[in-house]
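A.B. asks: Here's a sequence, model it:
(2 chains)
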There are 2 protein chains.
Amino acid sequence: MTAKNAFYAQSGGVTAVINASACGVIETARQHTDKIANLYAGRNGIIGALTEDLIDTGKESSEAIAALKYTPSGAFGSCRHKLKSLEANKREYERLIEVFKAHDIGYFFYNGGGDSADTCYKVSQLSEKMGFPVQAVHIPKTVDNDLPITDNCPGFGSVAKYIAVSTLEASFDVRSMAKTSTKIFVIEVMGRHAGWIAAAGGLVEDRDIPVVVLFPEVAFDQERFLAVVKARVDAHGFCTIVVSEGCHWPDGKFLAEQGSRDAFGHAQLGGAAPVVANMINQAHGYKYHWAVADYLQRAARHLVSASDVQQAYALGKAGVELALAGHNAIMPTVVRKSSSPYVWEIGKAPLSDVANVEKMMPEAFITADGFGITAQCKEYLYPLIEGEDYPPYRDGMPDYVTLQNVAVAKLLPGFEL
Amino acid sequence: MTAKNAFYAQSGGVTAVINASACGVIETARQHTDKIANLYAGRNGIIGALTEDLIDTGKESSEAIAALKYTPSGAFGSCRHKLKSLEANKREYERLIEVFKAHDIGYFFYNGGGDSADTCYKVSQLSEKMGFPVQAVHIPKTVDNDLPITDNCPGFGSVAKYIAVSTLEASFDVRSMAKTSTKIFVIEVMGRHAGWIAAAGGLVEDRDIPVVVLFPEVAFDQERFLAVVKARVDAHGFCTIVVSEGCHWPDGKFLAEQGSRDAFGHAQLGGAAPVVANMINQAHGYKYHWAVADYLQRAARHLVSASDVQQAYALGKAGVELALAGHNAIMPTVVRKSSSPYVWEIGKAPLSDVANVEKMMPEAFITADGFGITAQCKEYLYPLIEGEDYPPYRDGMPDYVTLQNVAVAKLLPGFEL
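C.D. replies: Sure, this is the predicted structure:
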């Protein structure tokens, strides 16, 4: 078998550990130069493939590649460019194959969420039809934790740890101040459709923090919510609220869209957190503070879970190994063997079973009152936030790497996106 | 000399390291039982003294006290109860002395910011006049970093580190996404009057991040700001903005108050961050994300600076030692001997020089264009964010301590606040 080149791209919102997967892919590829000659990365994700803007990862030192394991964000750039259906956008798919052909690419490693799993699957199918078969492997990544089959998705565990720890710390703060000042702390977390991340905030209950979680899965019931908050404050002197950005009214409208207008009359300035905090203040008069974590939660490499980093790396490595073993249209997965102690291994799933399937949070993970998480949910979450894995520091800040990202010479005419 | 009891209280907004000062006070007092018999803490700060709600710290194990060094928030509760002038509020001052007398308290350790330094000074003066002299020592604490004489205040260094690291991480994220998605990231930080915390965000410039800092010291110039942001995006593809909550228009009105109204017509729902982000979007059309760190920044014990923890502990310890050496109406300080390498020692300042003096950020710390920090400012900041000091973890979250806080029997009639 002659060595072929490989293509790797990062897709969609980046995470604290997606570069750990890149590290796993590149380090493993470098161990198999008999089969993988060069590993090219797409600059800004799949756009880099479409525009033939390829990065030669071979120009990076082994130290720089190793540093990816502790560097958050997408080292080669990512993008939010979704390839449509084959019928609607055959031109882009065909261009991908042309670029792969021009650069003798036999392996396609695509690191992303649900949409990219679908793209990956289609590339595999189309390349075969077009007579230039490419082995397509999807490497899972998403803080939303919504990919099927795999027990969890790299990126989620670290966000979950960040939210659990931040909620705990801010709750300790409020508890100190509650006698004369702040009684309510509201933290807004990511998750437009699924409450996985919000659920992680619910773990602080196990540290004696009175907490109310607002999930996107549960229509917001203002009256019941306000009553529960009051009961918590009456009993504990304070209350913490974890609100998902996707929390919505019974009619489906997001809380964050609650008619907030700035001086220019522009809608939706604020998030869900200030809406919730203000609502409590109006009803009960409690002084409040609120935070919106936004990108901080998914970029926080300084506070990742060790199990998340290990899995992100292992899935990148497994992706390359699956390709070398001849697999195609496949995704390596995390298989949980035991929660306590936490034991997991790498499995695999055909992309035909992954593409276009969204894994929602089980109903059994949310308490009957809709404001908290069950023991079953905690059993699922704890292993995912297990362990610490700190980056090295220089001058008080993490010593993250920025790659050189040297371009590969173009061989084809330009392409308009 | 007969042993007396001591009183310790935490005041105002708590920090990630105020308990490290408490640890320094308590551990040092425990080494001098010949002079300090019992150390009582005020439950919820000075209110605990006024209402005779005292906590017997002697009931806590040495392990629990040692754990304070890595536990954020105020372990005994704090409060925002400011004692007014002696004339306006003699009743409360006299009550303090009565409680101290009833519990044979000869040492008053007050751990707080500018207001508490003033209170501490007055207690010292009045107790002497009332014939029950109490040695009053103020232990500095404030994330605002605005106490005079001391080179810096415990609590600030850790917030500075949190903001520098969080800004760096989120900037890496935006840089990855900028090609097709988010080009602007805005992070709002604490600091109503002084830009010390915002300045820390400016350090990411040294990691090649295009950053604009909005200080409360500089009246907001919308036109120039929007032009600078556009220039940064043109040059780098993205831009990070660190906005102080105290950022204001030339007429003094806070950006955060910019007429935001919720569906009920209530003003000031959002913070400064969404206002700034929206303004940029309106002018240039850039997609944005914003975060409001709020309590997360001052509670983040998981990401403190080692030098901050060391100083917080050392100042608590020094406070007790100063009292035992006979000092009164005094505050231990941090004296910087050298920035690189960072060398500091403990000094002291009479409270008469500390009370009612606010240290502002020097003009020379802000760049001429008003949007960044100077080399001089960086030289000041770097030592304060130096070093890491991680708490122990249990089940994926820090293993912070919650004390028993056993009450001391009351000896006096009740007191209405």
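A.B. asks: Hmm, A:Arg232 is touching A:Val212, no?
C.D. replies: Yes. A:Arg232 lies in contact with A:Val212 (CB atoms under 8 Å); the separation is 6.7 Å. Every C-beta, even on glycine, is put in place using the N, C-alpha and C of the backbone.
A.B. asks: What is the neighbour count of A:Ala102?
C.D. replies: Each residue near A:Ala102 was counted by other CB atoms under 10 Å in any protein chain shown, and the total is 13.
A.B. asks: swap that for A:Ile346, please
C.D. replies: Neighbours of A:Ile346 (other CB under 10 Å): 17.
A.B. asks: what does the one 5 residues further on give?
C.D. replies: Neighbouring residues of A:Leu351 were enumerated by other CB under 10 Å; the total is 23.
A.B. asks: In which helix or strand does the closest residue to it other than its chain neighbours reside?
C.D. replies: Excluding the flanking residues, the one nearest A:Leu351 by CB to CB, 6 or more residues apart in numbering or on different chains is A:Tyr121, at 3.9 Å. Using DSSP states H and E, A:Tyr121 maps to helix A:114-129.
A.B. asks: quick revisit: of A:Arg232 and A:Val212, which one has the most company?
C.D. replies: For A:Arg232 versus A:Val212, neighbours defined as other CB under 10 Å are more numerous around A:Val212 (24 against 21).
A.B. asks: ok, is the host helix or strand of the more buried one in contact with chain B or not?
C.D. replies: According to DSSP H and E, A:Val212 maps onto strand A:211-214. No. If you take CB under 8 Å from any CB of the partner chain as the test, strand A:211-214 misses chain B, and the best it gets is 13.0 Å.
A.B. asks: now that strand, how far from the centre of its chain.
C.D. replies: 22 Å (CA atoms, centre = their mean, to the nearest Å).
A.B. asks: what's the following helix or strand after it?
C.D. replies: Criterion used, DSSP H and E; the element after strand A:211-214 is helix A:222-236.
A.B. asks: List the buried residues for that following helix?
C.D. replies: By 16 or more other CB atoms under 10 Å in any protein chain shown, the buried positions in helix A:222-236 come out as A:225, A:228-229, A:232-233, A:236.
A.B. asks: Now do the phi/psi pair for the spatially most central residue of chain A.
C.D. replies: Nearest to the mean C-alpha position of chain A, by CA atoms, centre = their mean, lies A:Val143 at 2.2 Å. Main-chain torsions, A:Val143, degrees, to the nearest 10: phi -70, psi -20.
A.B. asks: And the pLDDT for it?
C.D. replies: For A:Val143, the pLDDT comes out at 96.
A.B. asks: ok, now the one 3 residues further on?
C.D. replies: In this prediction, A:Asp146 carries a pLDDT score of 94.
A.B. asks: What is the burial count for it?
C.D. replies: A:Asp146: 19 neighbours (other CB under 10 Å).
A.B. asks: do the same with A:Asp34
C.D. replies: 10.
A.B. asks: Is it located within a strand, as I assumed?
C.D. replies: No. Counting by DSSP: H, G, I helix; E, B strand; the rest coil, A:Asp34 is not found in a strand; it is coil.
A.B. asks: close enough to count as contact, it and A:Ala3?
C.D. replies: Yes. A:Asp34 is within contact range of A:Ala3, at 6.0 Å (criterion: CB under 8 Å).
A.B. asks: For A:Ala312, give its distance to chain B.
C.D. replies: According to CB to the nearest CB, to the nearest Å, A:Ala312 and chain B sit 15 Å apart.
A.B. asks: Please read the previous query as pertaining to A:Ser171.
C.D. replies: Distance of A:Ser171 to chain B, computed by CB to the nearest CB: 8 Å.
A.B. asks: Identify the residues contacting that residue.
C.D. replies: Contact analysis of A:Ser171 by CB atoms under 8 Å, 6 or more residues apart in numbering or on different chains lists A:185, A:204, A:207, A:209, A:211, A:238, A:240.
A.B. asks: Can you tell me the SS state at the second one?
C.D. replies: Same thing as A:Val204. helix.
A.B. asks: unless I'm mixing things up, it is touching A:Ser166, no?
C.D. replies: No. Contact criterion CB under 8 Å: A:Val204 and A:Ser166 do not qualify, at 9.7 Å.
A.B. asks: Comparing those two, which residue is more hemmed in?
C.D. replies: A:Ser166 (28 against 25).
A.B. asks: ok, the residue lying closest to A:Asp118 once chain neighbours are set aside - how many residues close by?
C.D. replies: In space, and not counting its chain neighbours, A:Asp118 is closest to A:Ala355: 4.1 Å by CB to CB, 6+ apart. Burial measure for A:Ala355: 20 neighbouring residues, criterion other CB under 10 Å.
A.B. asks: okay but A:Ala355 is in contact with A:Tyr121, surely?
C.D. replies: Yes. Counting by CB under 8 Å, A:Ala355 touches A:Tyr121, with 4.6 Å between them.
A.B. asks: wait, what's in contact with A:Val243?
C.D. replies: Contacts of A:Val243 by CB under 8 Å, 6+ apart are A:186-189, A:198, A:213-214, A:255, A:272-273, A:276.
A.B. asks: In chain A, where is pLDDT below threshold?
C.D. replies: A:1, A:258-270 (pLDDT under 70).
A.B. asks: any chance you could map the strands in it?
C.D. replies: Per DSSP state E, chain A carries strands over the ranges A:4-10, A:36-42, A:54-56, A:105-112, A:135-140, A:184-189, A:211-214, A:239-244, A:288-292, A:330-338, A:343-350, A:393-394, A:397-398.
A.B. asks: To B:Asn89, which of those lies closest?
C.D. replies: strand A:288-292 (27.7 Å; CB to CB).
A.B. asks: Could you list every helix and strand that that closest one packs against?
C.D. replies: helix A:156-177, strand A:184-189, helix A:272-284, strand B:288-292, helix B:295-299 (3 or more CB pairs under 8 Å, 6 or more residues apart in numbering or on different chains; DSSP states H and E).
A.B. asks: switch to 7 Å and redo it
C.D. replies: Strand A:288-292 is packed against strand A:184-189, helix A:272-284, strand B:288-292, helix B:295-299, with contacts defined by 3 or more CB pairs under 7 Å, 6 or more residues apart in numbering or on different chains; DSSP states H and E.
A.B. asks: circling back: I'd like the strands of chain A laid out as JSON lines, including distance to A:Thr374.
C.D. replies: As requested, those are exported to JSON lines (distance: least, CB to CB, whole Å):
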{"stretch": "strand A:4-10", "distance to A:Thr374": "34"}
{"stretch": "strand A:36-42", "distance to A:Thr374": "41"}
{"stretch": "strand A:54-56", "distance to A:Thr374": "45"}
{"stretch": "strand A:105-112", "distance to A:Thr374": "30"}
{"stretch": "strand A:135-140", "distance to A:Thr374": "25"}
{"stretch": "strand A:184-189", "distance to A:Thr374": "19"}
{"stretch": "strand A:211-214", "distance to A:Thr374": "11"}
{"stretch": "strand A:239-244", "distance to A:Thr374": "15"}
{"stretch": "strand A:288-292", "distance to A:Thr374": "26"}
{"stretch": "strand A:330-338", "distance to A:Thr374": "17"}
{"stretch": "strand A:343-350", "distance to A:Thr374": "22"}
{"stretch": "strand A:393-394", "distance to A:Thr374": "38"}
{"stretch": "strand A:397-398", "distance to A:Thr374": "36"}
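A.B. asks: Show me how far the helix holding A:Tyr121 is from its chain's centre.
C.D. replies: 21 Å.
A.B. asks: Using PDB, list the CA coordinates for it.
C.D. replies: What follows is helix A:114-129, C-alpha atoms only, in PDB (Å, rounded to 0.1, in the frame of the first residue of the first chain):
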ATOM      1  CA  GLY A 114     -23.800  16.400  14.400                       C
ATOM      2  CA  ASP A 115     -23.600  18.400  11.200                       C
ATOM      3  CA  SER A 116     -20.000  17.400  10.500                       C
ATOM      4  CA  ALA A 117     -20.800  13.800  11.100                       C
ATOM      5  CA  ASP A 118     -23.400  14.100   8.300                       C
ATOM      6  CA  THR A 119     -20.900  15.900   6.000                       C
ATOM      7  CA  CYS A 120     -18.300  13.200   6.700                       C
ATOM      8  CA  TYR A 121     -20.700  10.500   5.800                       C
ATOM      9  CA  LYS A 122     -21.600  12.100   2.600                       C
ATOM     10  CA  VAL A 123     -18.000  12.700   1.600                       C
ATOM     11  CA  SER A 124     -17.400   9.000   2.100                       C
ATOM     12  CA  GLN A 125     -20.300   8.100  -0.100                       C
ATOM     13  CA  LEU A 126     -19.700  10.600  -2.900                       C
ATOM     14  CA  SER A 127     -15.900  10.000  -3.100                       C
ATOM     15  CA  GLU A 128     -16.600   6.400  -3.900                       C
ATOM     16  CA  LYS A 129     -19.200   7.300  -6.500                       C
END
